[in-house]
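Undergrad: Here is a sequence with its predicted model. Questions after.
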Amino acid sequence: MMAFSCIAASMMAIFVTSANDFPAQWKYMGVATSSEHSELHSIRIALRQRNVERLKRHVLDMERPLTVKEVTNMIAPHEEDVDTVKRWWYSHAMTTLPSRKYCRNITVTMLPGTHDYMQVKGTRNCFAAMFETSFVKFQHTKRRTVVYRLDGAVEAHNNLPGIFERAVPNEVLSLVDLVIGLEDLPPPARPMYSKRKSDGFPGEDITPPVIWSLYKSPTPSISRSYSSANVSQAVGEFEEAYFYLSDTLSFQRQYHLPTEVPNIHGPNHPNTGDLGEASLDVEYITGVGFGVNTAVWSIPADQGFDLLAWAQGVIASSPVDYVHSLSWGSAESSYNSSWMQRVDTEFAKLASMGITVLAASGDDGPNNGGVFRCEKFTPTFPSSSPHVTAVGGTYLQSSKETCWQSSGGGVSSVFARPAWQDKQVSNYLSTASGLPSSSVYTSNGRATPDISAVSTNFQILVSNYTGPLSGTSASTPTVAGLISLINQARLAKQMPTIGLLAPHLYALGNVGTDITAGKSKSDGLCSEGWPATEGYDMCSGLGTPIYPTLLSYFLQNPSEHSVKNNAPEPTQLITWLYANNLEAGAQFLGEVVGWTEVENLKQKSKCRIFNTGGSGFCAVCDTRKAPSCENGGPEGPDAIPVTVTLVVKNRGLVDETYKKLLKHNTTGILVYPPDASATYAVYGFNFYDINQKDGLGCYRFEVQSFDDPAWPQPRRTA
């Protein structure tokens with residue numbers, strides 16, 4: 001069976017091959033017993049999404065947030081593809097396969113949200129029979145949580161097909177991105193805080209009044225006319241991080257804050273869990289963003305750092321929490337890139353809905369991969385996602401902020417650098433003195449952090465005892481609280497919530513206080529790190545916020561703030577068509593209807609389609625300069641003109657035909673402006689006759705814009 005890169009073997013960073021091949025935090029407990037095999041087991045299927053790039057473009061160019069329904073229309077798989085996957089699972093209950101004995105009660109349901117996740121439930125005997133193996137069990141060495149996974153799963157890093165991939169037909173594999181709960185162990189993470197105050201945690205004690213004064217944010221004594229009815233914020237918790245509500249209420253009384261009882265989604269068992277992280281998060285997001293409805297999203301312990309489950313819950317929730325603070329993560333090298341990319345798409349969904357996600361940049365400086373020398377520097381995920389805002393750390397001494405040496409930052413090896421931060425980051429990497437050797441970091445990826453705030457010696461209340469915690473776990477809910485107050489002000493003026501924050505910060509440039517002193521450094525013998533400088537740097541980002549500066553910016557006309565990616569993008573959809581047995585010929589005549597943005601295409605435009613020597617074609621329509629296409633291009637030795645008739649008149653059978661086209665891997669014809677010379681061309685598509693007839697075929701469709709969220713869009717292949 002052909003390997004498929006986005007499932008099973010490349011799904012997570014951790015897979016198991018034997019009792020001696022699993023991470024230190026998991027203890028192998030042997031083969032599951034007969035009674036354990038009879039128990040119900042649940043797995044989740046992340047289905048292949050549509051229009052991911054279009055969704056991400058929309059995040060940077062939207063006049064209003066999308067609804068869950070609009071996001072679903074844009075990104076959810078087609079129903080017939082969902083049915084294909086469902087039928088494969090149910091087939092094990094209705095055939096003569098050995099699994100029939102155990103799979104009669106298997107259930108397959110779509111999970112709430114954007115209709116791109118599926119849950120499959122059955123006994124472990126059922127799954128074991130499907131994949132001709134048995135289950136083994138693992139216990140977390142700290143939390144004592146037990147999970148069950150298929151025996152014989154392979155390690156992700158060796159790029160071999162996994163059990164699921166070997167057993168599933170290609171028509172199903174092509175519709176699946178990830179399988180969760182079958183071969184993978186829960187992804188690891190750690191909270192970004194430490195209890196140590198001496199030996200490396202400088203700075204004065206931090207309390208809510210210190211933050212109010214330092215960042216000139218509102219205080220409880222100042223009356224605000226904004227209503228909290230439509231404003232909400234949240235913190236995300238994992239790995240059994242819990243809090244006592246009594247501590248939160250006592251903390252609020254101590255600093256004369258309005259009472260805010262958080263709405264808790266998921267477990268909260270403070271008598272059995274870790275109390276530091278969640279207590280810090282809740283106390284300081286409500287201490288800065290007071291008067292705002294607050295929620296806690298707690299993921300069950302057996303799911304570990306399951307950001308996909310977290311995002312599913314947030315997306316499906318009502319009412320929506322518009323600001324989320326995540327103080328968890330680990331080095332990018334701890335995770336598989338396919339999993340991180342899928343999580344990034346979930347962040348993009350949230351951003352398209354007007355939701356802001358802030359993530360701690362980490363507490364190990366540049367995150368050096370070596371112990372005795374400087375090796376590969378790796379930023380923390382999820383803060384390295386382009387669709388979250390990464391928050392670094394400073395410390396306060398004598399009214400001056402200095403970049404904390406443990407403030408996480410660096411350049412991603414997984415995510416490309418967004419255009420909205422390229423100018424500042426490129427300037428830093430080309431002009432700053434004292435940078436680490438270029439051999440230890442990637443130079444062209446997404447850079448972190450974006451912004452910072454004080455992060456050392458936060459005074460928190462735990463079990464009615466006050467003590468200090470430090471880390472970007474502290475700075476992240478601090479900035480989140482400020483953004484919630486700005487959202488509150490925007491909604492009061494009938495303006496939408498902010499959504500993706502980071503591009504706006506780079507467009508603003510001056511977010512408040514530029515941090516120019518300090519340098520990040522990892523633990524160990526490596527002395528290199530990221531120095532703080534004037535302007536942007538990878539120790540403190542763009543600096544620390546001043547609330548009136550940010551408020552003034554975000555209360556202006558949002559259209560004044562350009563955050564668009566400057567890379568050439570599709571501007572118009574021409575049509576869909578398919579054909580088979582194309583013959584060499586001359587030009588074809590296309591009747592183009594309703595052009596508004598593409599100036600160089602006219603009514604009854606003359607276009608040529610060129611065979612590029614393989615299955616790809618290139619079309620050129622009324623251009624002053626022919627662009628180069630893949631596999632030879634129109635001027636290449638393999639270019640063979642072919643005749644195609646294109647008619648664009650009305651929407652016609654668009655819904656039915658669109659599904660058929662995608663099923664047969666047909667990509668639509670897109671118009672691109674490939675250069676500044678006003679040359680418009682149609683790039684890279686394949687032709688198929690979906691009726692399996694010889695000769696030419698075409699359908700008629702009305703021209704639609706990419707800006708219409710309800711219109712299903714093609715995938716870019718050029």
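TA: Cool, got the structure. Residues are numbered from 1 along each chain as shown.
Undergrad: Would you map the helices across the stretch 401-550 of the chain?
TA: Ranges of helices in the stretch 401-550 of the chain, per DSSP state H, counting those that start in this stretch, are 419-431, 472-492, 502-508, 547-554.
Undergrad: so of the ones you listed, which one's packed in deepest?
TA: helix 472-492 (a mean of 27; mean count of other CB atoms under 10 Å). Backbone N, C-alpha and C define where each C-beta goes, glycine included.
Undergrad: Next, the angle helix 547-554 makes with it.
TA: 50 degrees (axes from the mean of the first three to the mean of the last three CA atoms, to 10 degrees).
Undergrad: What's the mean pLDDT across helix 472-492?
TA: The predicted model assigns helix 472-492 a mean pLDDT of 95.
Undergrad: for stretch 148-162, same thing?
TA: Per-residue pLDDT over stretch 148-162 has a mean of 60.
Undergrad: ends of it, how far apart?
TA: Stretch 148-162 stretches 16 Å from its first residue to its last (CA to CA, to the nearest Å).
Undergrad: Need the helices of the stretch 401-550 of the chain in a markdown table (columns: distance to residue 353).
TA: Listed next are the helices of the stretch 401-550 of the chain as a markdown table, based on distance: least, CB to CB, whole Å:
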| stretch | distance to residue 353 |
| --- | --- |
| helix 419-431 | 19 |
| helix 472-492 | 13 |
| helix 502-508 | 16 |
| helix 547-554 | 18 |
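Undergrad: contacting residues around residue 262?
TA: 245, 248, 282, 286, 294, 295, 296 (CB atoms under 8 Å, 6 or more residues apart in numbering).
Undergrad: Ok, residue 268 next?
TA: Taking CB under 8 Å, 6+ apart, we find residue 268 in contact with 242, 243, 278, 296, 298.
Undergrad: helix or strand for the third one, which one?
TA: In other words, residue 278. helix 276-288 (DSSP states H and E).
Undergrad: helices or strands next to that helix in the packing?
TA: Applying 3 or more CB pairs under 8 Å, 6 or more residues apart in numbering; DSSP states H and E, one finds that helix 276-288 makes contact with helix 208-214, strand 232-237, helix 245-254, strand 293-298, strand 458-462, helix 472-492.
Undergrad: Out of the ones you listed, the one nearest residue 356 is which?
TA: helix 472-492 (5.6 Å; CB to CB).
Undergrad: and that closest one with strand 293-298, angle?
TA: 140 degrees.
Undergrad: What segments of the stretch 251-400 of the chain are strands?
TA: Assigned by DSSP state E, counting those that start in this stretch, the stretch 251-400 of the chain shows strands spanning 263-265, 293-298, 323-326, 328-331, 356-360, 380-381, 389-397, 400-403.
Undergrad: partners of the second one in the sheet?
TA: Listed by DSSP bridges, the sheet partners of strand 293-298 and their directions read strand 232-237 (parallel), strand 263-265 (parallel).
Undergrad: For that strand, give me every contacting residue.
TA: Contacts for strand 293-298 (CB under 8 Å, 6+ apart): 228, 231-238, 241-243, 260, 262-268, 278, 281-282, 285-286, 310, 313-314, 321, 324.
Undergrad: For ChimeraX, what selects the buried ones among these?
TA: The ChimeraX command for the buried members of the contacts of strand 293-298 (criterion: 16 or more other CB atoms under 10 Å) is given here:
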select :228,231,232,233,234,235,236,237,238,241,242,243,260,262,264,265,266,268,278,281,282,285,286,310,313,314,321,324
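Undergrad: Hmm, residue 473 and residue 391 touching each other?
TA: No: using CB atoms under 8 Å, residue 391 makes no contact with residue 473, being 9.6 Å away.
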